[in-house]
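>>> Build the 3D model from these lines:
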Amino acid sequence: MKILSDEEKNAHWNAVLYEGAKGCAVGAGIAFGLVTYIKKRHAVNYGRMSASVKSALWAMPVITVGAFYADDGSVKFDEEWHRSSYLKQKEEEEMKKWNDLAWSDQLFYKVNNNKYSLIVGAWAASLYGSWKVVNRDKFMSASQKAVQARVYAQAITVVLLLGTILMSLHEQELRKREPEAVPEWKKYLQEQSEKKKEQEAHASTN
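This next block holds a predicted model:
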């Protein structure tokens with residue numbers, strides 16, 4: 001069992017208090033919006049509520065969000081305090097893997113990681129663009145223009161879906177090229193074994 005130092009206890013307590021205060025502020029904003037909405041949209045029902053219910057409308061969001069933020073702050077503090085070296089090592093490993101990739105693969109991963117937002121944006125732009133193109137025709141009625149624009153948009157949607165499938169296939173190919181990932185428990189055992197050998201070597205020289 002690890003005994004916490006006073007410094008770590010105080011740092012943890014301050015981190016939890018700070019995140020909890022942020023959560024309470026966010027919760028108060030949510031409660032204000034909720035109460036304002038009920039007052040405007042359901043004024044009669046709000047007037048019939050008892051004082052305890054009205055208090056709960058304010059207290060529950062503040063307590064709930066504050067507790068969530070405080071708990072999340074505790075977890076983040078633990079990661080920064082106890083796992084900073086491990087997380088730094090992981091970041092260095094990821095950065096090395098990234099630097100070893102060809103520029104084309106790096107570009108692909110950037111696009112692939114944002115593919116859904118790009119697809120939605122391209123689809124929305126295709127709808128707008130299709131309508132602008134079709135709307136230039138002065139001889140078609142509004143309903144005919146709508147049908148024509150929908151046809152164009154459907155065609156573009158099919159192209160986007162095919163592009164998504166091709167990206168998924170290419171991602172699978174890239175994954176196959178990557179070396180097999182070493183489990184974390186195996187890495188830990190290897191590190192402990194290396195440390196033990198170093199200690200034994202140091203003891204033998206002394």
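>>> List the residues that contact T164.
Counting by CB atoms under 8 Å, 6 or more residues apart in numbering, T164 touches 115, 119. (C-beta placed from N, C-alpha, C; glycine too.)
>>> buried ones in whichever strand or helix holds it?
Using DSSP states H and E, T164 sits in helix 142-177. By neighbour count with 16 or more other CB atoms under 10 Å, helix 142-177 contains the buried residues 145, 148-149, 152-153, 156, 160.
>>> Format these as TSV; extra columns: pLDDT and distance to N14.
Converted to TSV, these look like this (pLDDT from 0 to 100; distance: CB to CB, whole Å):
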residue	pLDDT	distance to N14
K145	73	63
Q148	78	63
A149	75	58
Y152	78	59
A153	76	54
I156	81	54
L160	78	49
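>>> which one of the residues you listed is nearest G27?
Using CB to CB, L160 is the member of the buried residues of helix 142-177 that sits closest to G27, with 40.2 Å.
>>> Now do the same contact list for the closest one.
119, 122-123, 126.
>>> which one is W81 nearest to, not counting chain neighbours?
Once flanking residues are discounted, W81 sits nearest to E8: 6.7 Å by CB to CB, 6 or more residues apart in numbering.
>>> what's the distance between V159 and Y152?
11 Å (CB to CB, to the nearest Å).
>>> so where's the protein shaky on pLDDT?
1-5, 82-89, 174, 177-188, 202-206 (pLDDT under 70).
>>> Would you state the helices of it in chain order?
Counting by DSSP state H, one finds helices in the chain at the ranges 6-41, 43-48, 51-82, 84-100, 103-113, 115-134, 142-177, 184-205.
>>> With E7 as the reference, measure out to the closest residue to L17 other than its chain neighbours.
Leaving aside its chain neighbours, L17 sits nearest to A70 (7.8 Å; criterion: CB to CB, 6+ apart). Distance, A70 to E7, using CB to CB: 20 Å.
>>> Those two: which has the busier surroundings?
A70 (19 against 8; other CB atoms under 10 Å).
>>> my read: the more buried one touches V16, true?
Yes - if you go by CB atoms under 8 Å, A70 and V16 touch, sitting 5.0 Å apart.
>>> So what's the residue count around A28?
For A28, the neighbour count with other CB under 10 Å is 15.
>>> With the flanking residues excluded, which residue is spatially nearest to it?
Once flanking residues are discounted, A28 sits nearest to V62: 5.4 Å by CB to CB, 6+ apart.
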